[in-house]
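Q: Just need the structure, nothing else, for what follows:
(2 chains)
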Amino acid sequence: MKALVAVKRVVDYNVKVRAKADGSDVDLNNVKMAINPFCEIAVEEAVRLKEAGTVTEIVAVSVGEANCQEQIRTALALGADRGVHVEVEGKAEPLTIAKLLKGVIAQESPDIVIMGKQSIDGDNNQTGQMLGALTGMGQGTFASAISIADGAVEVVREVDGGLQTLSLTLPAIITTDLRLNEPRYASLPNIMKAKKKPLDTLTPEQLSVSVGTHVSQLGVTPPPERAAGIKVEDVGQLVDKLKNEAKVI
Amino acid sequence: MKTLVVAEHDNASLKAATLNAVAAAQAMGGEIDIVVAGAACDAAAAAAAQLPGVNKVVCADNAAYEHQLAENVSLLIAELGEGYDNILAASTPNGKNIMPRVAALLDVGQISDIITVEGADTFKRPIYAGNVIATVQSSDPKRVITVRTTAFDAGPAEGGNATVEACAAVHDAGVSRFIREEVAVSDRPELTSASVVISGGRGMQNGDNFSLLEGIADKLNAAIGASRAAVDAGFVPNDYQVGQTGKIVAPDLYIAVGISGAIQHLAGMKDSKVIVAINKDEDAPIFQVADYGLVADLFEALPELEASI
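A: Okay, the predicted model is just below:
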């Protein structure tokens, strides 16, 4: 069984991102970049399926500029077997990424596609679902557990109020939530080995996808600041403030 | 301009998030219809018809929609959506699950989690965990949108008199099947619509200690939430999580107990009207957003707080 894992290059989750002075976009100069945390969970899940003998090959794919090959190499160091880089200029929108991934799926014919539920830059939470619609595959979004048997995947999903379990016919798409697993760290020997693993590059033209614009970003602003608060001395003063100043209890 | 709002419901009742989505639709102007896709969902459709400002409720009642599987419901909404300029849903797990499929079926982009309507095709939405607010413009012929519920005040649930129209379209993609659901039954208000929320973090030390929050929550009619750290540690179930990738809340009063205040947690609660932080580490980042900060041991402060309210 083949697993396709999609990974995205994003700003490291510890970085507090700010708007540029001219408000055109966020300032990503000299900012640490990393694999999106949810994508890392997706890679880990595929690697665990391979270790369990369910999956035999893991293909890591990323859509982005040339530097996203670093994140594909990270996925290879974590245990993916080979990489596919779909090279696009600038920021690709979720629908475009989904169309390009559909093109890669047509070439690779994976049995399962695992990807993050959202990337921590745009916070869109769209690509997996869009890919599901474009390919006609079932989707197990916000997955906290998966098990594969008899041509189907059972997915436990994090939903309002608790957990929902679905069964999806394979091939299917899984989008990962935080509790699916805890990703491992890549070991130095594996990082070295990853440099020798195959990594192919494709263009949107080769996948017959035209890169369009659906939603443009006109500008960015900082969020409204909260006025500075005060420290209260004790519980008595806190209750007094909540009752008589804030009037919320 | 015509807008179709996708109802958030559990067949028996309409969820409060629908009211927020309708409020966003009203901010866009024009005619508003609601679609209720479910099975034996008459009651939810009847409740939707009561919402003021709604023109028509389309009720698609079929076994294929019983659990609102995204594969099936998205086909229905994409078909209905042909006749609308905007298709809207609340940005709930359900809305997030279904709407991008609708957008892809219609070959349009989706605008996720809008917090304001700036014009017919222009909206504001938080990105990077709310560290910046982006203004975005759609160039598509129609727009598929999810709405951050806390950014649009719910209108009244009654006073309207929309017609309910049955929709016979059946879409069963046949690729997904519902197995089971484990949903916690609680008498408390829903986390996302409660006017008071009290959340615990890693400082609670274990799940049993969340009982210290319960007494206070009972007195304040509050919902109980948690930080990611507390959920990851297994103190409480996943649906308690408040944050960038969990639930977004904006109650009148948010009490953060034993929560340090990671960016990802702040993204889920910093629009609350009044924020209280109780933490023994006086340098915890949570104090930077708190209106009232109490540096104290929560195991002493919580019983005292419960006794004095």
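
Q: Which residue is the nearest non-sequential neighbour of the closest residue to chain B within chain A?
A: The minimum distance from chain A to chain B, using CB to the nearest CB, falls at A:His214 (2.8 Å). The C-beta positions use only the backbone N, C-alpha and C, and glycine is treated the same way. Taking CB to CB, 6 or more residues apart in numbering or on different chains as the measure, A:His214 lies nearest to B:Gly109, with 2.8 Å between them; neighbours along the chain are not counted.

Q: burial of that neighbour, as a residue count?
A: Applying the criterion other CB atoms under 10 Å in any protein chain shown, we find 27 residues in the vicinity of B:Gly109.

Q: now do B:Asn62
A: A count of nearby residues for B:Asn62, using other CB under 10 Å, gives 19.

Q: and the residue nearest to it when sequence neighbours are not counted, which of the three is it?
A: By the measure of CB to CB, 6+ apart, the closest residue to B:Asn62 outside its immediate chain neighbours is B:Val170, 5.1 Å from it. Here B:Val170 is recorded as coil under DSSP: H, G, I helix; E, B strand; the rest coil.

Q: Do I have it right that B:Val170 meets B:Ala64?
A: Yes - contact criterion CB atoms under 8 Å: B:Val170 and B:Ala64 qualify, at 5.6 Å.

Q: These two: which has the busier surroundings?
A: When neighbours are counted by other CB under 10 Å, B:Ala64 comes out ahead of the other of B:Val170 and B:Ala64, with 21 against 13.

Q: quick one: contacts for that one?
A: B:39, B:72, B:170-172 (CB atoms under 8 Å, 6 or more residues apart in numbering or on different chains).

Q: farthest pair in those residues?
A: With distance counted by CB to CB, no two of the contacts of B:Ala64 lie farther apart than B:Ala39 and B:His171, which are 13.2 Å apart.

Q: more crowded one of those two?
A: Residue environment comparison for B:Ala39 versus B:His171 gives the larger neighbour count to B:His171, 20 against 14, counting by other CB under 10 Å.

Q: And the pLDDT at the more buried one?
A: For B:His171, the pLDDT comes out at 98.

Q: Quick one: neighbours of the residue nearest to it when sequence neighbours are not counted, just the number.
A: Nearest-residue entry for B:His171: B:Leu75, 3.6 Å, with adjacent residues in sequence omitted and distances by CB to CB, 6+ apart. By other CB under 10 Å, 20 other residues sit near B:Leu75.

Q: ok, which stretches of chain A are strands?
A: Here chain A has its strands, by DSSP state E, at A:2-6, A:9-11, A:33-35, A:57-64, A:82-87, A:112-116, A:138-149, A:152-159, A:162-169, A:172-176, A:199-202, A:215-221, A:230-232.

Q: Nearest the middle, which residue of the chain would you pick?
A: Answering for chain A, as no chain was given. What sits nearest the mean C-alpha location of chain A, by CA atoms, centre = their mean, is A:Gly116, with 3.1 Å.

Q: meant chain B, my bad for not saying
A: B:Thr92 (4.2 Å).

Q: Report the separation between that one and B:Thr150.
A: Here the criterion is CB to CB, to the nearest Å. By it, B:Thr92 lies 12 Å from B:Thr150.

Q: now do the same end-to-end measure for stretch B:271-282.
A: Distances were taken as CA to CA, to the nearest Å; on that basis the terminal residues of stretch B:271-282 are 22 Å apart.
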